[in-house]
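Trainee: The sequence isn't on hand, but the structure is:
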């Protein structure tokens, strides 16, 4: 079994020296965040056999960026691929899925039952980049792996029993334990779902589960919710960007919201925005394989410049970006609670 590094409560800064992708607020924009004029930044057919590329995770790496991308191919198999970018906008994505090496002798047992891999998140944690994703093993659960270089990837055991989705690690230990948010689900499209907190001594054994938040009836998040990018540590609390879903007469609508969680006990919600940050209102969010989806999976922060860039999937088909001021998003969460 992989031995975790010694416990610490403060993580070093992630590698990466490139400026985050950014555009100033366009004239006439009134929302707390605004869409990139370059959207979608990754089209569905970037790879020879890609049906769609979406719901993907990006982190600073070296003098540019690296990421793990959901790619549904032309057989409609779902898998995750590694990618690199100099600027976080133009991407080179491997046409081959990531081949995870087993981190211990029992992992091949779950690898042999591979069904699918999708909706990855990537988190810099202590000395490596951890990848979490929805892993098919007798139904959806949370896969966990890591990489140092985005070339060789190692797979740990699944974190939870089926059925579970939207597993998102915190970027440092909390009270000496690793921490993760997830959304217990079912084996289908899951017409329900709350966010839960779990902790682990070693990134293999998970427990001490705590309820974080539930959907709110008759709102943009009335059906289900799920954690999005890696939580962002701020003096005000952990900023959690998440997706919320309502069931309309024409199906699900996935929008983006935000909340602040307590730094020491992240299952405690300090504030939560009543209003959404962004909802599907433009063609690349409304039209695609699954209409009306804005699904956040990654965020980049430039703290000195007070800049936040969010990567999100549009209509389960393409990758998009949105920008905003970190302090204004926090103010929005507090003022709209």
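Mentor: Arrived safely. All values derive from a computational prediction rather than experimental measurement.

Trainee: which parts of stretch 49-60 are buried?
Mentor: If you call a residue buried by 16 or more other CB atoms under 10 Å, then stretch 49-60 has these buried ones: 50-60. Every C-beta, even on glycine, is put in place using the N, C-alpha and C of the backbone.

Trainee: That one: how far from the chain's middle?
Mentor: 11 Å (CA atoms, centre = their mean, to the nearest Å).

Trainee: Have a look at the protein and report its longest helix.
Mentor: Using DSSP state H to assign secondary structure, the helix with the most residues in the chain is helix 326-335.

Trainee: For that helix, name the packing helices and strands.
Mentor: strand 232-234, strand 237-248, strand 251-261, strand 269-272, strand 307-314 (3 or more CB pairs under 8 Å, 6 or more residues apart in numbering; DSSP states H and E).

Trainee: Figure out which of these is closest to residue 215.
Mentor: Evaluated over the helices and strands packed on helix 326-335, closeness to residue 215 peaks at strand 237-248, with 7.0 Å, by CB to CB.

Trainee: Please work out the average pLDDT along the closest one.
Mentor: With pLDDT averaged residue by residue, strand 237-248 scores 98.

Trainee: That strand versus strand 307-314: what angle between them?
Mentor: If you take axes from the mean of the first three to the mean of the last three CA atoms, to 10 degrees, strand 237-248 sits at 30 degrees to strand 307-314.

Trainee: Direction included, what does strand 237-248 pair against?
Mentor: If you go by DSSP bridges, strand 237-248 pairs up with strand 224-227 (antiparallel), strand 232-234 (antiparallel), strand 251-261 (antiparallel).

Trainee: where's the longest one relative to the chain centroid, distance-wise?
Mentor: I take that to be strand 251-261. 12 Å.

Trainee: and the angle for that strand with helix 326-335?
Mentor: Here strand 251-261 runs at an angle of 100 degrees relative to helix 326-335 (the same axes, to 10 degrees).

Trainee: which parts of strand 251-261 are buried?
Mentor: Neighbour counts over strand 251-261 (16+ other CB under 10 Å) mark 252-261 as buried.

Trainee: returning to what we had before: can I get the strands paired with strand 237-248 in CSV including distance to residue 117 and mean pLDDT?
Mentor: Putting the strands paired with strand 237-248 into CSV (distance: least, CB to CB, whole Å; pLDDT from 0 to 100) gives the following:
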stretch, distance to residue 117, mean pLDDT
strand 224-227, 17, 98
strand 232-234, 25, 98
strand 251-261, 20, 98
